[in-house]
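Enquirer: Just a sequence and a predicted model for now, questions to come.
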Amino acid sequence: MAMTTIKRVIRTEPCSRHHRASYYAQDLSEGPPGRLASLCYSCRYSSQSGNISAAMVSIAVQPPTETQTCRPIYPPVVAQTHVRAGGRHNNTHLFATAALIDDQGRVLDGQLGGALVATGYAVEDRGSGSRQQSVAFAFPDLALTYAGVYSIRVDVYRVNYNNGDTDNATMIDQAETELFYGFSEAVAVQRPTSEERSLLRKLRQSGCDIPSTPT
């Protein structure tokens with residue numbers, strides 16, 4: 001997998017939630033810069049002693065097989081990675097972005113509504129004595145603009161403040177959901193699996209704004 005670097009993580013106005021400095025990540029690799037993230041120290045997941053140099057990202061909560069356009073996708077897409085305790089990467093921050101992919105593998109800009117940037121939430125791994133910590137990235141309000149067949153790709157980025165280089169964010173891994181269908185008419189609500197419900201419950205308890213099952 002090619003490594004992607006987002007240039008210039010720019011300090012800007014205070015975060016409205018925590019009243020601390022926020023940062024905008026701008027991708028300068030192709031064309032004019034575009035704002036990707038606005039994340040303050042409190043909003044970002046902070047790995048104080050996590051080794052994420054070889055992190056593997058997976059989709060922990062899949063989207064439904066069918067969803068209605070212009071309505072939030074439920075179950076919401078959640079990606080997950082694991083951080084091994086005791087690593088060397090102190091003061092490392094993670095965030096993730098979501099992109100809509102058509103059934104031909106093309107990225108569709110401007111056709112996925114909602115917040116396309118997610119902060120990481122630390123959740124407990126199963127089993128006592130585990131030296132791994134799970135970090136989840138939830139996208140609770142994504143919505144399709146048009147009907148079609150799609151998947152959603154999640155890219156996870158790392159910003160390492162330990163070495164003083166705050167101007168670059170490096171993509172460490174990515175994962176893609178299964179294909180799903182978008183329809184303009186109403187569809188039946190799909191319930192998450194028991195494992196997915198457990199993770200969504202943990203995210204709610206951690207303060208992530210996960211919606212309840214639609215009626």
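Expert: Perfect, I can see it now.
Enquirer: which residues touch the closest residue to residue 197 other than its chain neighbours?
Expert: Using C-beta to C-beta, 6 or more residues apart in numbering and skipping residues adjacent in sequence, the residue nearest residue 197 is residue 191, 8.0 Å away. C-beta here means a position set from N, CA and C on the backbone, and glycine is covered the same way. By C-beta atoms under 8 Å, 6 or more residues apart in numbering, residue 191 lies in contact with 75, 197, 213.
Enquirer: Distance of residue 191 relative to residue 64?
Expert: Distance, residue 191 to residue 64, by C-beta to C-beta, to the nearest Å: 9 Å.
Enquirer: Can you give the strand pairings for the longest strand seen in the chain, parallel or anti for each?
Expert: Among the segments of the chain that qualify as a strand by DSSP state E, the longest is strand 148-160. Taking DSSP bridges as the criterion, strand 148-160 forms sheet pairs with strand 92-102 (antiparallel), strand 168-176 (antiparallel), strand 180-183 (antiparallel).
Enquirer: among those strands, which is nearest residue 68?
Expert: Nearest to residue 68, of all those, is strand 180-183, at 5.9 Å by C-beta to C-beta.
Enquirer: residues making contact with that closest one?
Expert: 62-69, 144, 146-151.
Enquirer: Report all helices and strands that the very next helix or strand once past it contacts.
Expert: Elements were assigned by DSSP states H and E; along the chain past strand 180-183, the next helix or strand is helix 194-205. Where contact means 3 or more C-beta pairs under 8 Å, 6 or more residues apart in numbering; DSSP states H and E, helix 194-205 is packed against strand 58-61, strand 77-85, strand 117-123, strand 132-139.
Enquirer: So residue 139 is in contact with residue 112, correct?
Expert: No. At 9.3 Å, residue 139 and residue 112 do not qualify as touching, with contact defined as C-beta atoms under 8 Å.
Enquirer: got any residues that touch both of those two?
Expert: Listed contacts common to residue 139 and residue 112 are 98, 152; contacts here mean C-beta under 8 Å, 6+ apart.
Enquirer: List the beta-bridge partners for the nearest residue to residue 176 once chain neighbours are set aside.
Expert: Closest residue to residue 176 apart from its sequence neighbours, by C-beta to C-beta, 6+ apart: residue 153 at 4.6 Å. In this entry, residue 153 is beta-bridged to residue 99, residue 176, by DSSP bridges.
Enquirer: give the contact list for residue 153.
Expert: 98, 99, 101, 107, 174, 175, 176, 177.
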